[in-house]
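Q: Need a 3D model of the following:
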Amino acid sequence: MTKEFGHKYATVRDATGQSFHIDAWGTGPFVICVGGKAFRFEDSDRFGPYLVSARGDVLDKQPSERSPFWRAHRIWARQGRRLEGEVCIWDEPKPTKVVKISGRRAFVVDYGEEDGETIVVEDEAARTAIIAKLIKEKP
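A: Predicted coordinates for the structure are as follows:
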């Protein structure tokens, strides 16, 4: 059985030979910094992260779905949960680079990594070359 991140357990046997198992989930606290804000949280593979106060109390208000915390946490976990003390260390994923062709149409020039930003390359020569190539390939 592989031990999940944040899982602690013990099996205890009393004097009569009876045994019982104790499971606990969550490890931390950790601090992840993103968008100029620091988030203090505890984490486990089973229940995910939850924000805590400096005293370790679970906060009533957790981050919304659109909070930058979630992206940073996903990247940090995917990159192996590196730490420096209690501070999470993570690297920004390689961005996807696109060239705008027209309107909302874009052509991917360089595929990035999951959760990487999308960067629009402002290169008129590349745009012209891509459009010419697409016209040639058109059935």
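Q: give me every residue that touches the residue lying farthest from the centre of the chain.
A: Most distant residue from the mean C-alpha position of the chain: residue 16, 47.4 Å away (Cα atoms, centre = their mean). Counting by Cβ atoms under 8 Å, 6 or more residues apart in numbering, residue 16 touches no other residue. C-betas here are computed from N, CA, C, even on glycine.
Q: what about it, distance to residue 10?
A: Distance from residue 16 to residue 10, counting by Cβ to Cβ, to the nearest Å: 18 Å.
Q: The residue farthest from the centre of the chain and residue 117, how far apart?
A: Residue 16 sits 61 Å away from residue 117, going by Cβ to Cβ.
Q: same check, this time on residue 37
A: Distance from residue 37 to residue 117, by Cβ to Cβ: 18 Å.
Q: next one: residue 100
A: If you go by Cβ to Cβ, the gap between residue 100 and residue 117 works out to 16 Å.
Q: likewise residue 81?
A: Residue 81 is 22 Å from residue 117, by Cβ to Cβ.
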